[in-house]
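S.K.: missing the sequence, but the structure's below:
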């Protein structure tokens, strides 16, 4: 679990560094929305697998559905915000 | 360096700091406050490693309001239904006569119908407890249940009634006496001219915690046995008076059990039963999870009594029928009073403790205060357990000072504002214990979020109750038990 977390942290850090280097001019609220999207993705994965470990399959897929939809909405919103203000720039 | 310039302005940065600060402030406001490290380790929260959202309250002020002036000592008579016979079932043409706890044939049929609706495909089997392997596990779990000596059993090619033989020799039906077993192998330091164990009350409580966990229990808490707390130790146990006397050593006669005045502490200890077994109880009565707990925990208690004796102190066992567990557990910070009434809701294990037992001792113990993690308030809006009761015996609605429906159980009226289950008519069916939302395991982060919220505000309690139902927490199909690949030794996940 520790190494999985470490790997995720390294990948995320590299991704953020890459984003900054792209000079996309990401606004502060886009960072916040992005952070919320990543948190939702983490919640989706964590809840799904741990609920299966709890022998709660219904909770696993319902929770994954709820948090997964939140992730998709936030990620799509963030992506569109960044793409659109880049176009206008 | 240009590419590392942030688009975040200083103003925006300060704003985000404010958001983080507000979040930290909220967390710190909700978290328990300790003034020094000693206080952390000496509290019930510290001793039992309760989660961060559990808060302490003032002594004798649990979340359930108590009218101390009306509380009096009770006789300790366990009011229950008359136990049906096998013949009652045979005459009624209903299976389950050998397995019934207190269920009548009519009640058994109600339960069989309820179980078949809840778990399609479930059948009562030949004994009312489900399929053959489940029935077998139930029966095998009953060996020496409640600390009772076995009846007829195989010994060297002969059938011997052990219990009858012990009773014929002047012994008792169980190995859980008031004074403890006091075995020859349990030496006391004072008998060898050595000093008895000397520890601070805090060290002693920790010592008890470590010993009880070694023997198979979970958590501990302590109370000072003053006049108020004595009200919850019954005035009679098994027909014998329970009295406090100015004597050095506790003793027992044919008419009374004596507590030396110097035994000024009550140690509460708990032990859990299998969660996966608990929520898969089905059929005529509770199942192997309960029976095996009752088989194992009296031995834990007896050996713990011997441990205290070996330290050079006394430990008196009032037995399950000798005290009121729920108020003592609530007052000592083991958990909170909740809708089910008898079981204490604990922050880590919900209602899946089978032992919430008390010992009276002269080993000085640090008293632990009541706790609040929002359970009492949550029960006001939840009611899942009451809705699940096939016999409608668990009190519905808001907590009250009286519940006439429970009066015949002997439970005191007017003494606390809570819920009173009609235990006199309760047949000990398998349903309610596995339904409590507080039983949930802590693996998913969502439980910490929900329990942390519940502990601090009741605003979302109704929403959480609905989510509990929608996500199908609670009871599970009994058949699944045999296919679980991730259950634990004794069915207990000791990682939390």
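M.R.: Structure received. Computed from a predicted structure; not experimentally measured.
S.K.: Low-confidence ranges, chain A, go.
M.R.: A:1, A:89 (pLDDT under 70).
S.K.: Up against chain B, what does it have?
M.R.: A:20-21, A:23, A:25-28, A:31-32, A:43, A:46-47, A:50-51, A:53-56, A:58-59, A:62-63 (Cβ under 8 Å from any Cβ of the partner chain). No exception for glycine: its C-beta is placed from N, CA and C like everyone else's.
S.K.: Go again with 7 Å.
M.R.: Taking Cβ under 7 Å from any Cβ of the partner chain, the part of chain A that reaches chain B is made up of A:20-21, A:23, A:25-28, A:43, A:46-47, A:50-51, A:53-56, A:58-59, A:62-63.
S.K.: Residue B:420 against residue B:406, yeah?
M.R.: Yes. Using Cβ atoms under 7 Å, residue B:420 is in contact with residue B:406, at 3.7 Å.
S.K.: Got the phi and psi for residue B:223?
M.R.: phi -140, psi 150 (degrees, to the nearest 10).
S.K.: contacting residues around it?
M.R.: Counting by Cβ atoms under 7 Å, 6 or more residues apart in numbering or on different chains, residue B:223 touches B:229, B:265, B:266, B:328, B:331, B:332, B:367.
S.K.: Take those residues and keep only those in helices.
M.R.: Among the contacts of residue B:223, the members found in helices (DSSP state H) are B:229, B:328, B:331.
S.K.: Excluding chain neighbours, what is closest to residue B:445?
M.R.: Of all residues not flanking residue B:445 in the chain, residue A:46 sits nearest, at 5.6 Å (Cβ to Cβ, 6 or more residues apart in numbering or on different chains).
S.K.: could you say which helix or strand contains the one you found?
M.R.: Here residue A:46, judged by DSSP states H and E, is contained in helix A:28-53.
S.K.: Now do that helix: distance to the chain's middle.
M.R.: 5 Å (Cα atoms, centre = their mean, to the nearest Å).
S.K.: for stretch B:458-470, same thing?
M.R.: Per Cα atoms, centre = their mean, the centroid offset for stretch B:458-470 relative to its chain is 24 Å.
S.K.: quick one: contacts of that stretch?
M.R.: Contacts of stretch B:458-470 (Cβ under 7 Å, 6+ apart): A:62, B:374, B:377, B:378, B:381, B:382, B:384, B:437, B:450, B:453, B:454.
S.K.: ok, residue B:265 - contacts?
M.R.: So residue B:265 contacts B:222, B:223, B:224, B:225, B:361, B:363, B:364, B:365 (Cβ under 7 Å, 6+ apart).
S.K.: And it, how far from residue B:335?
M.R.: As judged by Cβ to Cβ, to the nearest Å, residue B:265 and residue B:335 stand 19 Å apart.
S.K.: what's the most distant pair in the contacts of stretch B:458-470?
M.R.: The distance between the two most remote of those (Cβ to Cβ) is 25.5 Å, for A:62 and B:377.
S.K.: Return the residues of the stretch 151-300 of chain B in contact with chain A.
M.R.: Residues of the stretch 151-300 of chain B lying near chain A (Cβ under 7 Å from any Cβ): residue B:276.
S.K.: Mind telling me what element whichever residue of the stretch 151-300 of chain B sits closest to chain A is part of?
M.R.: Of all residues in the stretch 151-300 of chain B, the one sitting closest to chain A is residue B:276 (6.7 Å; Cβ to the nearest Cβ). Using DSSP H and E, residue B:276 sits within helix B:275-278.
S.K.: Distance from the chain centre to the helix or strand following that helix, please.
M.R.: Remark: after helix B:275-278, the chain's next helix or strand is helix B:288-311, criterion DSSP H and E. Here helix B:288-311 is found 14 Å from its chain centre; the criterion is Cα atoms, centre = their mean.
S.K.: which regions of the stretch 151-300 of chain B sit below the pLDDT cut-off?
M.R.: In the stretch 151-300 of chain B, no residues with pLDDT under 70.
S.K.: all helices of it, in order?
M.R.: Counting by DSSP state H, counting those that start in this stretch, the stretch 151-300 of chain B has helices at residues B:162-168, B:201-215, B:227-230, B:275-278, B:288-311.
S.K.: and the third one, which residues are buried?
M.R.: Along helix B:227-230, the positions that meet the burial threshold by neighbour count (16 or more other Cβ atoms under 10 Å in any protein chain shown) are B:229, B:230.
S.K.: So which residues make contact with it?
M.R.: Residues from elsewhere that reach helix B:227-230, judged by Cβ under 7 Å, 6+ apart: B:60, B:68, B:73, B:223, B:266.
S.K.: Surely residue B:355 is within a strand?
M.R.: Yes. Remark: residue B:355 belongs to a strand, assigned using DSSP: H, G, I helix; E, B strand; the rest coil.
S.K.: Contact partners for the nearest residue to it once chain neighbours are set aside?
M.R.: In space, and not counting its chain neighbours, residue B:355 is closest to residue B:271: 3.9 Å by Cβ to Cβ, 6+ apart. Residue B:271 makes contacts with B:216, B:217, B:218, B:293, B:297, B:300, B:353, B:354, B:355, as judged by Cβ under 7 Å, 6+ apart.
S.K.: Now tabulate those residues in CSV and tack on distance to residue B:318 and neighbour count.
M.R.: CSV is the format used below for the contacts of residue B:271 (distance: Cβ to Cβ, whole Å; neighbours: other Cβ atoms under 10 Å in any protein chain shown):
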residue, distance to residue B:318, neighbour count
B:216, 20, 19
B:217, 17, 23
B:218, 20, 22
B:293, 19, 28
B:297, 15, 27
B:300, 16, 21
B:353, 18, 28
B:354, 17, 23
B:355, 13, 23
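S.K.: if you skip the residues just before and after it, what's nearest to residue B:279?
M.R.: Residue B:279's closest residue in space is residue B:434 (Cβ to Cβ, 6+ apart), at 3.5 Å.
S.K.: Give me the three-state assignment for that neighbour.
M.R.: helix.
S.K.: Any idea how many residues pack against residue B:82?
M.R.: Look at residue B:82: counted by other Cβ atoms under 10 Å in any protein chain shown, it has 8 neighbours.
S.K.: What distance do you get for it to chain A?
M.R.: The gap separating residue B:82 from chain A is 38 Å, by Cβ to the nearest Cβ, to the nearest Å.
S.K.: Assumed that residue was part of a helix.
M.R.: No. Checked against three-state DSSP, residue B:82 lies outside a helix; its state is coil.
S.K.: Identify the residues contacting the residue lying closest to it once chain neighbours are set aside.
M.R.: Distances taken as Cβ to Cβ, 6+ apart place residue B:102 nearest to residue B:82, at 7.9 Å, with adjacent residues excluded. Each residue near residue B:102 by Cβ under 7 Å, 6+ apart is listed here: B:80, B:81, B:83, B:427, B:428.
S.K.: now the residues you listed: which count as buried?
M.R.: For the contacts of residue B:102, a burial check counting by 16+ other Cβ under 10 Å picks out B:81, B:427, B:428.
S.K.: Per-residue pLDDT of the first one, please?
M.R.: Translated: residue B:81. On pLDDT, residue B:81 comes in at 87.
S.K.: ok so, going back, tell me the one of the buried ones among the contacts of residue B:102 nearest residue B:154?
M.R.: residue B:428 (29.3 Å).
S.K.: Tell me the pLDDT of the closest residue to the closest one other than its chain neighbours.
M.R.: The shortest distance from residue B:428 to any non-neighbouring residue, by Cβ to Cβ, 6+ apart, is to residue B:101 (4.4 Å). At residue B:101, the predicted lDDT confidence score is 90.
S.K.: Residue B:101 - that's part of a strand, no?
M.R.: No. Per three-state DSSP, residue B:101 lies outside any strand segment and is coil.
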